[in-house]
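Q: One predicted model, sequence on top.
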Amino acid sequence: MNQQNRQPRLSLASLATSRPAAQRPSYAPAALRPGIVHLGIGAFVRGHVAIYTEDAIALRGGDWGIIGVSLRHLDQRDRLAPQDGLYTALERGPVVKPPRIVGCLREVLVAPENPEAVLCRMADPAIRIVSLTVTEKGYDHDPATGRLNPEHDDIRHDIAEPHAPRSAVGFIVEALARRRATGVAPFTVMSCDNLPQNGKLLKGLVRDFAARRDPELAHWIDTHGAFPSSMVDRVVPPVTDADRADIENLTGLFDASPVVHEPFSQWVLEDSFVGGARPAWHECGVEIADDVKPYEDMKLQLLNGAHSALAYLGYLSGHDMISQAVADPVLQGFVRNLWDEEVIPVVHAPAGVDLADYTATVQSRFANPFVRHRTWQVAMDGSQKLPQRILPSVRARLSRGMDLPRLALVIAAWIRYAGGTDEGGKTIDVRDPLAGQLRDKLGAASRTPADQVNAALSFKTIFGDDLPTDERFRDALRTAYAQLALLGARKAAASLAGNATSLNTAIGKDAR
Ligand code: CS2
């Protein structure tokens with residue numbers, strides 16, 4: 001972190017001294033009482049959900065302060081506590097916007113340090129919503145089936161010691177049990193992660209866990225609880241020292257934990273809240289929908305699917321940033337064709353949405369050079385992401401007898417990436433809950449496409465029971481992997497990019 005020439009640290013005491021260029025909360029943050037506990041207080045929630053909440057508080061008031069909880073690390077708390085929870089959000093795009101100091105995050109707790117403090121807050125009747133951005137792996141479920149994984153270390157621990165949990169699901173169930181025991185209504189549980197039907201999925205996990213403990217608790221949650229599904233969308237990359245320095249210059253205050261985000265933001269939310277209690281999000285740009293599923297499917301399969309495609313193929317082709325990968329004519333042509341030929345034909349557009357326009361917007365968002373989102377970052381946790389980003393399109397195409405060479409190439413690129421060695425023989429820092437197992441299995445298999453594909457398909461938590469036995473899928477994957485091994489990622493993508501420029505760029509004066 002930049003230690004030089006520091007301005008005063010952002011805090012409630014210094015807030016009034018921020019430069020006029022900075023937008024400050026229009027209400028007094030110190031007087032704001034909490035109504036939301038948020039599990040997983042990383043960058044995304046602070047660049048998205050919290051900003052809508054800040055707007056709703058500014059517009060309509062209400063006790064909707066957020067208590068953020070880190071389920072693993074201390075760093076957010078250590079950075080935000082000296083700032084009284086205040087942080088700066090900066091939009092990165094072609095138009096320079098004033099930085100915004102956000103006031104609705106009122107406290108940050110670290111769960112492993114003091115699980116009891118977290119449970120006390122969650123059991124407090126003042127808390128009406130518990131929201132989550134814990135990433136895919138934070139649900140401790142089996143991605144292929146969407147069911148709780150009782151073998152997961154944290155879940156095993158929480159079943160044995162429910163009063164001092166470690167997992168998000170364990171915290172939710174223990175807090176709900178305490179509310180039930182004291183006659184307090186349940187809080188609404190609002191997942192904001194990139195999972196299909198995230199509310200329904202989380203409800204299933206919470207019910208399953210609660211039923212192992214007490215079937216009556218499970219029944220109470222079923223009858224009185226609420227688990228709205230939502231589709232959230234905004235690219236919020238990790239901040240860099242350069243971002244911190246820019247923000248310090250703009251606001252005149254040093255912020256150890258700001259967020260940077262792209263201009264675009266979308267939140268489609270199912271309006272299912274206990275007692276209807278929620279901030280006035282609908283007046284601040286949140287779209288309320290009876291059925292969020294078509295929005296989630298569209299976003300996961302078109303936006304996140306293409307993001308993962310650019311991450312694996314882009315990384316293997318030598319691109320550090322998503323914006324560079326999508327500006328590469330070869331990969332751009334490939335992604336355009338992936339959308340047009342393979343994904344759009346099997347995705348149902350939400351009413352009133354044109355998928356050609358939607359994907360054109362996604363493409364220009366990815367190309368935003370001011371958003372520094374690394375391919376390596378998006379490549380993380382592939383074993384948890386592919387099941388909802390790539391495999392639903394695969395299944396839809398197989399069931400209709402359609403081919404899928406591009407989807408197969410994306411999966412082949414992931415296999416190659418997960419193997420841990422890039423095309424130049426350099427080690428890849430693979431971050432994934434299954435990284436060790438993947439590396440071992442892929443490493444033990446021979447280099448032939450058939451054996452690499454077999455090794456990957458042995459992961460049923462990713463591919464389920466159906467795909468590994470589907471001969472057409474195996475064939476497509478073997479062919480894609482063979483192309484990748486023979487030509488390298490970029491040329492393999494060029495052969496499926498469907499335009500002469502891509503092919504020429506890849507095989508012509510290409511230095512890579
Ligand atoms: C990305 C997402 O890291 C990733 O896997 O695909 O975080 C993406 O930036 C967001 O879903 C955009 O809303």
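A: Yep, it's here. Just so you know, these numbers come straight off a predicted model, no measurement behind them.
Q: What segments of the stretch 351-500 of the chain are helices?
A: With DSSP state H, counting those that start in this stretch as the definition, the stretch 351-500 of the chain shows helices at residue ranges 355-367, 375-379, 382-389, 391-399, 405-418, 435-444, 449-457, 460-463, 471-487, 489-494, 500-507.
Q: who does the residue in the stretch 151-300 of the chain that the ligand sits nearest to bridge with?
A: In the stretch 151-300 of the chain, the residue that lies nearest the ligand is residue 233 (3.9 Å; Cβ to the nearest ligand atom). (C-beta placed from N, C-alpha, C; glycine too.) In this structure, residue 233 has the following beta-bridge partners (DSSP bridges): residue 266.
Q: quick revisit: quick one: closest of the helices of the stretch 351-500 of the chain to the ligand.
A: When the helices of the stretch 351-500 of the chain are ranked by distance to the ligand, counting by Cβ to the nearest ligand atom, first place goes to helix 375-379 at 4.3 Å.
Q: Get me the contact residues on the chain for the ligand.
A: Applying Cβ under 6 Å from any ligand atom, one finds that the chain approaches the ligand through 194, 233, 234, 235, 304, 307, 377, 378, 385.
Q: Can you list the low-confidence ranges for the protein?
A: Counting by pLDDT under 70, the chain has low-confidence residues at 1-5, 499-512.
Q: re the thing from before, please identify which of the helices of the stretch 351-500 of the chain is closest to residue 122.
A: With distances scored as Cβ to Cβ, the stretch of the helices of the stretch 351-500 of the chain nearest to residue 122 is helix 382-389 (25.0 Å).
Q: List every C-alpha atom in the closest one, with coordinates, as PDB.
A: Taking only C-alpha atoms (Å, rounded to 0.1, in the frame of the first residue of the first chain), the coordinates of helix 382-389 have been written out as PDB:
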ATOM      1  CA  GLY A 382     -13.300 -22.600 -12.300                       C
ATOM      2  CA  SER A 383     -14.600 -25.900 -10.700                       C
ATOM      3  CA  GLN A 384     -17.300 -23.800  -9.000                       C
ATOM      4  CA  LYS A 385     -18.100 -21.600 -11.900                       C
ATOM      5  CA  LEU A 386     -18.300 -23.800 -15.000                       C
ATOM      6  CA  PRO A 387     -21.300 -25.700 -13.800                       C
ATOM      7  CA  GLN A 388     -23.600 -22.700 -14.100                       C
ATOM      8  CA  ARG A 389     -21.700 -20.700 -16.700                       C
END
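Q: Contacts for it next, please.
A: The set of residues that contact helix 382-389 without belonging to it, under Cβ atoms under 8 Å, 6 or more residues apart in numbering, is 135-137, 143-144, 194-196, 300-301, 304-305, 307-308, 312, 411, 414, 417-418, 432-434, 438, 459, 461-464.
Q: I'd like to know how many residues surround residue 195.
A: 25 (other Cβ atoms under 10 Å).
Q: in what helix or strand does residue 67 lie?
A: Taking DSSP states H and E as the criterion, the element that holds residue 67 is strand 65-70.
Q: Tell me which other helices or strands that strand touches.
A: Contact here means 3 or more Cβ pairs under 8 Å, 6 or more residues apart in numbering; DSSP states H and E; on that basis strand 65-70 packs against strand 34-39, helix 49-60, helix 75-80, strand 105-110.
Q: mind listing what residue 54 touches?
A: Residues in contact with residue 54, defined by Cβ under 8 Å, 6+ apart, are 25, 102, 103, 104.
Q: For these, which single residue is the most surrounded?
A: Compared across the contacts of residue 54, residue 104 has the highest neighbour count, 28 neighbours, by other Cβ under 10 Å.
Q: Could you double-check that that residue lies in contact with residue 68?
A: No. Taking Cβ atoms under 8 Å as the definition, residue 104 is not a contact partner of residue 68, at 10.1 Å.
Q: Quickly note the distance from residue 442 to residue 428.
A: 12 Å (Cβ to Cβ, to the nearest Å).
Q: From residue 418, how far off is the residue of the stretch 401-512 of the chain found nearest the ligand?
A: When scored by Cβ to the nearest ligand atom, the stretch 401-512 of the chain has residue 431 as its residue closest to the ligand, at 11.1 Å. Shown here: residue 431 relative to residue 418, a distance of 11 Å by Cβ to Cβ.
Q: Since that was my last question, I'll sign off now.
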